Structure formats: C-alpha cells, structure tokens
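**Q** next come a sequence and a model predicted from it.
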Amino acid sequence: MEIAVDSMDVVEFLGSGGSGDGGGGGVVKVPITVIAAGVANGALRDREAVKKSVPFWNVPIIQEKVRGVDDHPPEKIVTCRKQIVGQVKNPVWDEEGGKIRAEAWFSDELGSPPELMEFVRGGGKLGVSGAYFHETVDESGELDGSEYSRKYYNLVPNNLAIVEYPACPVGTCGINVEHDKVKEVKIMDKEMAIDMEELVSLRTESATAKVAAAESERIKKELGEKVVAVEAEKAKIAAERDELVAKLAEVTAERDGLKAKVEAAAVEAKKQEFLSKFPAENRVAAESELLGVYMEDPAKLIIEHGNRYAELLVSKVPQAAKESAKEFVPEPDVESQEWSAMGFPTEKEIASMFGVEI
C-alpha cells in the first residue's frame, strides 16, 4: 500500500547519539491531532466530553500490519504488545480548534518499524482513529450541517490506530497534519468506538486500566469513609446502650432496695400481728417461745406448741388491771400496703421502659 508524503516543518528527530543527523535508531517525535469534537458517523462527540478525556490520551499508537496502513485490531483494544508501534504523549486541549493535540513518539524501544520512523520524520502524513470506551445517549440534532442520532460521553481512550480511512479526516486529525495542508480526505465506513456493554468482556493494558485503577481507588476511599461513619455510629449506639443498661441497673437496684424494705416491713407487721393476740404480760414469752415457729410454719405452731399457745393467750392479770392497761394496737404499715397492692415490676418490665433488651 502506497503512503503519500507531504513535507512538514514541525518535526523533531533525536538520534541515538543526540546529534539529530537523521541516521537510523533514536527517537522521532512529531505533532499529532488525536481527536476532534463534532459529528462523526452519525454520533456527536461534544466539546466538553472530548475536553474531559484529554488526560487519558497517553495511549499506545498501534498498527495492525507492520508494513502498511491498516485498521484497528479485530479485538478493538490493545492486548498484544506486538501491535504497538509508538506512543501518544503530552496531550493538550486546543480550545480554538476544538480538538486534542499531542506528540507522537516513535523509537526502537517502542518497537517502531524503521520505515515508519523514516516516513514520519520526513513529514509523512498518516490518518489516525482513536478507539475508546464511551457511554451513549439517544439524542438527535444537527451540528455544522451534520446530523446525528446519538451522543457519546465519558470517553475512555484505549489506543490510537494508524488507519487508511479515519472517521476524523486527514487534515483535521492525524500525524503530521494541519487543517491548511490537506491534499486528500478519506472517510472510513465505521468509527472504532466501543460501547460500554463490551467493557465487561474486554481486557486492556493501557488507559482503561489506569482509569479502572483510579475508579477502584475512589470507590475504596468512598467505602472507607462509609465504614468509618458506620463504625462511629455503632460506637455511639453502643455508648447509648451502655448508658441505658447502667440506668437500668440503677433503677433495678433502687427497686430491689424498696422491695427489701417492703418485705422487711411485711415481716415486721406479721410479727406484730401475731404478738398482738397475746396479753401484754405474755408477749415477751410468746416472742421468745412461739414467734420463730409461727414465722416458719403456722401449722407447726398449732401441732407442736398448741398448749403453750393457748396458755399464753390467757391473761393472768386481774380484770381491773386489764381495764387499766393500755391495749397494744400496732400501727398499720401504709407503705407496705401500697406496694402489696401495686405489685413489684420485674427487671424486664423496667428494661422495657428504657427500650433495652436483656
């Protein structure tokens, strides 16, 4: 396949010895217009979408056939280093032209064919076509006389291929080209742009890997921040729960103390009720001989100590002395009666009042 040659003023050759004598080897660096905003193959690449993709265009330059101008590789993305013949470097946005300009580097180290290096060093022009992942939105319109039915955004470049029929015509895009030095414009039938649906089944070593790594770091950072926030919330909830549990323990202890007092008061009331049955002069004897048995088992008192119980119930004081004696009447224990009427809350009931599960 014949390659047309047109001289180009802007070309830099760095020989292996740095002399720039044009000998073989070394590094050749020439200007390249990578991609332009606008309508291509019925799709709109608007200025903002193209502009945002500038940092990602440090991609390999590939050539499917070493000795000729061909198209992208069949798999659309670069997975074989043998296809790489150069490298795009230092991409910048051209605001006036609405395109991305950069430097095309060719060298022995990059695997550039000698004839290709010699061709571009002499100012030879080549068409290029970028392969990039993108997202698509259905949108129709017209721009500069060209109609489009869809719009690309979130461009993620993968490679830049040397092709014979670029979507962006030679002169607008390409190696060693400028818009005012066009001799021939060719349009290829289909631009090598890759839909996001294909992304899951493709593997890459260049810009997509870098973008994926950056996205992975962003996600990890975002997840890390969320984990920190969740842990902080868990700590807060745990502290609140500990506070409620402590409050529950405090209230439970207070309840148990009151319950003990009430129970003690009930025991004392029972004792006084028992002793009140006996004449005043017999109460000391009743307390020492019978009260313990009564408090343990009233039935046992009747069975085993019935005679003594009956004996002590009878007063030995004359009737006149009885009438003059002040009868002992125990005062009612109001607090004990109130608590007995209400019943005592359980620990679970107290916990439920504070919203704590135990």
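**A** Thanks, I have it.
**Q** and K316, how many neighbours?
**A** 10 (other C-beta atoms under 10 Å). Bear in mind the C-beta positions are built from the backbone N, C-alpha and C, glycine included.
**Q** what about the helices in the stretch 101-250 of the chain?
**A** Applying DSSP state H, counting those that start in this stretch to the stretch 101-250 of the chain gives helices spanning 114-121, 207-275.
**Q** which stretch among those comes nearest T136?
**A** Closest to T136 of those is helix 207-275 (C-beta to C-beta; 17.0 Å).
**Q** where does pLDDT dip in the chain?
**A** In the predicted model of the chain, residues 1-25, 65-82, 178-211, 317-358 satisfy pLDDT under 70.
**Q** would you map out the domains in it?
**A** 12-203, 222-353 (automatic domain parsing).
**Q** using a markdown table, please lay out those domains together with distance to E215.
**A** Below are these laid out as a markdown table (distance: least, C-beta to C-beta, whole Å):
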| stretch | distance to E215 |
| --- | --- |
| domain 12-203 | 10 |
| domain 222-353 | 10 |
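**Q** what's the most buried one of these?
**A** Neighbour counts (mean count of other C-beta atoms under 10 Å) averaged over each of the domains of the chain peak at domain 12-203, with a mean of 18.
**Q** distance to S129 for the helices of the stretch 101-250 of the chain - can I get that in TSV?
**A** TSV is the format used below for these (distance: least, C-beta to C-beta, whole Å):
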stretch	distance to S129
helix 114-121	16
helix 207-275	15
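**Q** ok, which of those comes nearest N90?
**A** Comparing those by C-beta to C-beta, helix 207-275 comes nearest, at 14.5 Å.
**Q** what helices or strands is the closest one leaning on?
**A** Helix 207-275 sits against strand 146-163, helix 283-289, helix 291-296, helix 334-342, helix 347-353, with contacts defined as 3 or more C-beta pairs under 8 Å, 6 or more residues apart in numbering; DSSP states H and E.
**Q** I61 bridge partners, please.
**A** G86, L160 (DSSP bridges).
**Q** residue contacts, it?
**A** 84-88, 104, 106, 128, 159-162 (C-beta atoms under 8 Å, 6 or more residues apart in numbering).
**Q** now with 10 Å?
**A** 32, 34, 78, 83-88, 104-106, 110, 112, 116, 126, 128, 159-162, 175 (C-beta atoms under 10 Å, 6 or more residues apart in numbering).
**Q** and what of S112?
**A** The contact partners of S112, by C-beta under 10 Å, 6+ apart, come to 27-28, 61, 63, 66, 84-87, 104-106, 118, 120.
**Q** relative to G86, how far out is the closest residue in space to it that isn't next to it in sequence?
**A** Once flanking residues are discounted, S112 sits nearest to F106: 3.8 Å by C-beta to C-beta, 6 or more residues apart in numbering. Per C-beta to C-beta, to the nearest Å, F106 is found 4 Å from G86.
**Q** do W57 as well
**A** For W57, the distance to G86 - C-beta to C-beta - is 13 Å.
**Q** intersection of neighbour lists for these two?
**A** 32, 160.
**Q** looking at the domains of the chain, which is nearest to A214?
**A** domain 12-203 (9.6 Å).
**Q** picking that back up, beta partners of the residue nearest to S112?
**A** V28.
**Q** wait, isn't it in contact with L116?
**A** Yes: counting by C-beta atoms under 10 Å, L116 is a contact partner of F106 at 6.5 Å.
**Q** give me the common contacts of these two.
**A** 28, 61, 85-86, 175.
**Q** that'll do, ta.
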